[in-house]
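Peer 1: 3D, please:
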Amino acid sequence: MNRHAFAWGSFAFGSLFLAIVGNWVALKQDTFTLDQLSVAAPITLIALGILGIIASIWRTK
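Peer 2: As a prediction, this is how the structure comes out:
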């Protein structure tokens, strides 16, 4: 079995999907209030953006 390259695009979109669904579930289960979610959602997106930048820099080496 041959090892293939890691699919960063699939990883990024999968992580984004999990972040959106996770925030939605947290809101529906009353884990977060809307004010807390308005802070958690941007932090999640910023973290995913940083991962994307690291992945693109790492890929060019």
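Peer 1: Would you mind checking the average pLDDT for the host helix or strand of residue 57?
Peer 2: Per DSSP states H and E: residue 57 is located in helix 34-60. If you average the pLDDT over helix 34-60, you get 82.
Peer 1: by contact count, what packs against that helix?
Peer 2: If you count contacts as 3 or more Cβ pairs under 8 Å, 6 or more residues apart in numbering; DSSP states H and E, helix 34-60 packs onto helix 8-28. From N, CA and C alone the C-beta is placed, and that goes for glycine too.
Peer 1: Distance of residue 22 relative to residue 56?
Peer 2: Using Cβ to Cβ, to the nearest Å, residue 22 is found at 24 Å from residue 56.
Peer 1: higher neighbour count, these two?
Peer 2: Between residue 22 and residue 56, counted using other Cβ atoms under 10 Å, residue 22 has the larger neighbour count: 14 against 10.
Peer 1: For residue 43, see how far away that one is.
Peer 2: Using Cβ to Cβ, residue 22 is found at 12 Å from residue 43.
Peer 1: Could you do residue 26 as well?
Peer 2: Distance, residue 26 to residue 43, by Cβ to Cβ: 13 Å.
Peer 1: Extract the CA atoms of stretch 46-57 and return them as PDB.
Peer 2: Output of stretch 46-57 as PDB, limited to C-alpha atoms (Å, rounded to 0.1, in the frame of the first residue of the first chain):
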ATOM      1  CA  ILE A  46      -9.200  32.400  13.500                       C
ATOM      2  CA  ALA A  47      -7.700  29.100  14.700                       C
ATOM      3  CA  LEU A  48      -8.700  27.400  11.400                       C
ATOM      4  CA  GLY A  49      -7.100  30.300   9.500                       C
ATOM      5  CA  ILE A  50      -3.900  29.900  11.300                       C
ATOM      6  CA  LEU A  51      -3.800  26.200  10.600                       C
ATOM      7  CA  GLY A  52      -4.400  27.000   6.900                       C
ATOM      8  CA  ILE A  53      -1.500  29.500   6.800                       C
ATOM      9  CA  ILE A  54       0.800  27.000   8.500                       C
ATOM     10  CA  ALA A  55      -0.300  24.300   6.100                       C
ATOM     11  CA  SER A  56       0.400  26.500   3.000                       C
ATOM     12  CA  ILE A  57       3.800  27.500   4.300                       C
END
